[in-house]
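Colleague: structure for the following, please:
(one chain, ligands or ions: 1)
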Amino acid sequence: MSEVNRPFTAEQLAGVYRAIYERRDVRSQFLADPIPPSVLARLLKAAHHAPSVGFMQPWDFVVIESPAIRQQVLASFNQENAKAAANYQGERQQHYQSLKLQGILDSPINLCITCDRSRGGPHVLGRNSVMEMDLFSSCLAVQNLWLAARAEGIGVGWVSILDPQQLATILQLPESVYPLAYLCLGYVSEFLDQPELASKGWRSRLPLTQLVHSDTWGSAVTNEQLLEQLILNNSDK
Ligand SMILES: Cc1cc2c(cc1C)N(C[C@H](O)[C@H](O)[C@H](O)COP(=O)(O)O)c1[nH]c(=O)[nH]c(=O)c1N2
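Modeller: Model (predicted):
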């Protein structure tokens, strides 16, 4: 049997699931400790090994250490966050305003994962009916990096309260390149055991059983054994 076809050991399997369940979006627990270049390169390689439509690999990685650039990004966040707060009223608005939703200056590295919408030419295998497939592919690069970072003990926070056009200007992106994910990366004092939005009472995890349908939308799960197992997996861990 070739190397890659070996089954995962129980320990390796547990490691994969641990990274999945213990990954967190981090914005409050960053430490200033630098991320060694060897570790950062491993994370970027993990991202680069994501699946992509037609093997398009539409991503690039802008590693941002410059305080001046981060200040500009933070200014964009502050402007967009004020607009976002206007979507809520009263207590909910106060609650929103009490949430820390970015770690732009607190984390040692900011990273923008982009999507070059023109990579591979005008027709990319698999991207003919749904043109956004390149964006979805870049999201998978983000998730690969996020999970690998968790395993390395590094927290990642996705900041999406940013104007993409402003961000593209700040980072001097070419016309065809979309700033898909603005991420803050750093070692952390701790990983919270549940999403910060859950612990702060903003929103909780939906029960898995509520999200699984049989054959068509809205039909309850008919396979009883599956239903039993889904109930067992309803908990947060
Ligand atoms: C596409 C996208 C965009 C954002 C996020 C995530 C994703 C996937 N999240 C993080 C989000 O709030 C978090 O993932 C959920 O609350 C679940 O928590 P865990 O990621 O499991 O810790 C996020 N968090 C934040 O503080 N500011 C933000 O702007 C965003 N934006």
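
Colleague: drop to CA atoms for contacts and neighbour counts, all remaining ones
Modeller: Will do.

Colleague: for residue 145, give its distance to residue 130.
Modeller: 25 Å (C-alpha to C-alpha, to the nearest Å).

Colleague: out of these two, which sits in the busier spot?
Modeller: Neighbours were counted for residue 145 and for residue 130 using other C-alpha atoms under 10 Å; residue 145 has more, 23 against 8.

Colleague: just checking, what packs against the host helix or strand of the more buried one?
Modeller: Taking DSSP states H and E as the definition, one finds residue 145 inside helix 133-151. Here helix 133-151 touches helix 10-22, helix 37-48, strand 109-116, strand 154-159, strand 177-187, going by 3 or more C-alpha pairs under 8 Å, 6 or more residues apart in numbering; DSSP states H and E.

Colleague: go again using 7 Å as the cut-off
Modeller: Counting contacts by 3 or more C-alpha pairs under 7 Å, 6 or more residues apart in numbering; DSSP states H and E, helix 133-151 packs against helix 10-22, helix 37-48, strand 109-116.

Colleague: mean neighbour count, those: which tops it?
Modeller: Greatest average neighbour count among the helices and strands packed on helix 133-151 goes to strand 109-116 (a mean of 23), per mean count of other C-alpha atoms under 10 Å.

Colleague: would you map out the domains in this protein?
Modeller: In terms of domains, the chain is parsed into 23-204, 206-236 (source: the TED database).

Colleague: most packed of those domains?
Modeller: Taking mean count of other C-alpha under 10 Å, domain 23-204 is the most buried of the domains of the chain, at a mean of 17.

Colleague: got the domains of the chain as CSV, with mean pLDDT and distance to residue 6 columns?
Modeller: CSV is the format used below for the domains of the chain (pLDDT from 0 to 100; distance: least, C-alpha to C-alpha, whole Å):
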stretch, mean pLDDT, distance to residue 6
domain 23-204, 97, 19
domain 206-236, 91, 27
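
Colleague: can I get the helix holding residue 145 in CSV, CA atoms only?
Modeller: Extracted in CSV, the C-alpha atoms of helix 133-151 (Å, rounded to 0.1, in the frame of the first residue of the first chain):
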residue,chain,number,x,y,z
MET,A,133,-16.6,28.9,-7.6
ASP,A,134,-13.3,30.7,-7.5
LEU,A,135,-14.4,32.6,-4.3
PHE,A,136,-15.6,29.4,-2.7
SER,A,137,-12.2,27.8,-3.5
SER,A,138,-10.3,30.6,-1.8
CYS,A,139,-12.6,30.2,1.3
LEU,A,140,-11.3,26.6,1.5
ALA,A,141,-7.7,27.9,1.6
VAL,A,142,-8.8,30.1,4.5
GLN,A,143,-10.2,27.1,6.4
ASN,A,144,-7.1,24.9,5.7
LEU,A,145,-5.0,27.7,7.2
TRP,A,146,-7.3,28.2,10.1
LEU,A,147,-7.2,24.5,11.1
ALA,A,148,-3.5,24.1,10.6
ALA,A,149,-3.0,27.2,12.7
ARG,A,150,-5.1,25.7,15.5
ALA,A,151,-2.9,22.6,15.5
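
Colleague: okay, and residue 81 sits in which element?
Modeller: helix 67-85.

Colleague: just checking, what packs against that helix?
Modeller: Helices and strands touching helix 67-85, by 3+ C-alpha pairs under 7 Å, 6+ apart, are helix 90-98.

Colleague: need the contact partners of the helix it packs on.
Modeller: Residues outside helix 90-98 that contact it (C-alpha atoms under 7 Å, 6 or more residues apart in numbering): residue 85.
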